[in-house]
Each structure stands twice: as structure tokens, then as C-alpha cells.
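**Q** Sequence below, structure please.
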Amino acid sequence: MTKHLIAPGVAAVFGLAVLAACAPDGRVAGRALYDQYCVSCHGTSGIGDGPAAAGLDHPPADLTRISERNGGTFPMVRVMSAIDGYTRRGDRASVMPELGVALQEGPLVMVPTGDGVETPTPANLVALAEYLRGIQR
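**A** Modelled structure (predicted):
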């Protein structure tokens, strides 16, 4: 097994960057999560023009028009399921990574998922979906 060493100065800078992006309860802010996991394909504006987009067989979705494509309503539960990967499991055509494991770090929050049911959901997944809700046109 190979061990990777990070120079102390680099580790300190990385640690400060992570702390700066954290909410008071330890969650990472939605924008920081977007920058970490989504910007390479969806771009800084969310329209699908990230630097990795050109190399994909299918263009990334325009994340600023999710509500528009859904009759003016932001489908929070469906968006979280897509990000998590739950609704895309087994979809070999999708190149979007399943982020469920990456976003499960931290606390859980109760999210209404329909019919009066609330589901424990990783707060980071909710924060990322809330960020996407905030960039709707």
C-alpha cells in the first residue's frame, strides 16, 4: 500500500479552504459543493458549459432551467435523487457520477418527500439541491 504525504503547508491551506466553506453546523455550503462536484461539467453558471463538457458524448444539463422544465416548480426530491444517483442506478448512458456517498458526510436532516412522509437526508445533499434551486432562471 502506497502512502501519500501532503506537505504541511498545503494541508493547512486545504484545511482553511474547507473550514471557510463550512456552515456553522459543519455542513459544507451548497455553492462549495457545487464547485467541488459539478462545475467541471455544468460550468460556473450551471448552463452546462464546464471545461469537461466538450469531451462528453451528451452535453450536461442546463441546471438553471430545472424549474422551467418542470412547469415552474423546482422538483426538490427528484433533483436530490438525481444528484444522489438513486434514480440513475443502472443507467449506463449517464456519465454523471453518483454523489450519494460523497455527500453523506455530516448530519442528517428531515426532508418532506411527499404524502406527509419525511426522510432523513444528508444535509450536504440538501444544501447542494438548495443551491441549484437558487440559480433557477
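**Q** burial of Leu99, as a residue count?
**A** 20 (other CB atoms under 10 Å). All C-beta atoms are positioned from the backbone trio N, CA, C, and that covers glycine.
**Q** Leaving out the residues flanking it, which one is nearest to it?
**A** Ile83 (5.3 Å; CB to CB, 6 or more residues apart in numbering).
**Q** residues in contact with that neighbour?
**A** Residues in contact with Ile83 (CB atoms under 8 Å, 6 or more residues apart in numbering) are 99-100, 103, 125, 128-129.
**Q** Which of those fall in helices?
**A** Using DSSP state H, the subset of the contacts of Ile83 located in helices is 100, 103, 125, 128-129.
**Q** can you list the residues you listed in a markdown table and add distance to His42 and pLDDT?
**A** Conversion of the ones in helices among the contacts of Ile83 to a markdown table gives the following (distance: CB to CB, whole Å; pLDDT from 0 to 100):
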| residue | distance to His42 | pLDDT |
| --- | --- | --- |
| Gly100 | 18 | 92 |
| Leu103 | 16 | 96 |
| Leu125 | 16 | 97 |
| Leu128 | 12 | 97 |
| Ala129 | 14 | 97 |
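**Q** helix or strand right after the helix or strand bottoming out on mean pLDDT in the chain?
**A** When the helices and strands of the chain are scored by mean pLDDT, DSSP states H and E, helix 8-21 comes last with a mean of 38. Per DSSP states H and E, helix 8-21 leads on to helix 30-37 as the next helix or strand towards the C-terminus.
**Q** Against which helices or strands is that next one packed?
**A** Where contact means 3 or more CB pairs under 8 Å, 6 or more residues apart in numbering; DSSP states H and E, helix 30-37 is packed against helix 123-134.
**Q** ok, residues contacting the helix it packs on?
**A** Residues outside helix 123-134 that contact it (CB under 8 Å, 6+ apart): 23, 25, 27-31, 33-34, 37-38, 46, 63, 66-67, 74, 76, 79-80, 83-84, 99-100, 103-109, 111.
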